[in-house]
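K.L.:
Based on what follows, work out the 3D shape:
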Amino acid sequence: MSLTLVTAPDNEPLTVQQAKDHLRLDTDDDDALLLDLITASRVWIEGQTHRALITQTWDYGIDGGYSYRKGIPYIDLPLNPVASVTSISYVSGASPNPTLSSSSYTVAARTHGSYIVPAYNSTWPTPLAVPDAVVVRFVAGEASCPKPLERAVAMLVTHLYENREPVNTGQGQVIVEVPYSIEAMISPYRAGI
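P.N.:
Take a look at the predicted model:
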């Protein structure tokens, strides 16, 4: 399975000025660093929650084809919330790869656990059993980041700015410890809750 970013978010959940205000910084010397830390914080939180904080477009490749529940093909989407599904293409041996008609599938867009199933009285063709046999292009995220997650981004930016060196555990692991308060703030947004 593969997940490839097609279109990055147009903005971040936090501006550099908001990060500077949170850090109580009056200088512009670290603006580039702060922008990098904002992006890194957003990406880390998205990875922890399987949630896109800001609208972005992804290609999700599924190896070998669809999964099945009770004999019905379905596709679990790896990021939420799903705003729309742009296309579903599959490898059939024809060139170019055909796409499913949007009338042949139904998107169950959920806060957690969005998925796609065939529309009523529709069947899906069987793709070849190859890597990325089915590719779903979809848009995930919202126009604006939920306030608690925006606050978590600000807190993580502050933590990373003030603790620039990773911790060496002495066992070959180098980690950056994340404060429990950030973990607690993002916990309700984790997939599966």
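K.L.:
Tell me how many other residues crowd residue 97.
P.N.:
Neighbourhood size, residue 97 [other Cβ atoms under 10 Å]: 16. Backbone N, C-alpha and C define where each C-beta goes, glycine included.
K.L.:
Check the gap between it and residue 124 for me.
P.N.:
14 Å (Cβ to Cβ, to the nearest Å).
K.L.:
Go ahead and name everything in contact with the top helix by length along the chain.
P.N.:
Ordering each helix of the chain by length in residues (DSSP state H) puts helix 31-49 first. The contact list for helix 31-49 (Cβ atoms under 8 Å, 6 or more residues apart in numbering) reads 9, 12-14, 16, 19-20, 23, 51-54, 79, 149, 152-153, 156-157, 160-161, 178, 186, 189-191.
K.L.:
Recalculate using a threshold of 7 Å.
P.N.:
Residues outside helix 31-49 that contact it (Cβ atoms under 7 Å, 6 or more residues apart in numbering): 12-14, 16, 19-20, 52-53, 149, 152-153, 156-157, 160-161, 186, 189-191.
K.L.:
roughly how far apart are residue 100 and residue 36?
P.N.:
On the measure of Cβ to Cβ, residue 100 and residue 36 end up 39 Å apart.
K.L.:
Show me which of these two is the more surrounded one.
P.N.:
Comparing residue 100 with residue 36 by other Cβ under 10 Å, the one with more neighbours is residue 100, at 20 against 13.
K.L.:
tell me the contacts of that one?
P.N.:
Counted by Cβ under 7 Å, 6+ apart, residue 100 has contacts 88, 124.
K.L.:
again, 8 Å this time
P.N.:
Contacts of residue 100 by Cβ under 8 Å, 6+ apart are 87-90, 124.
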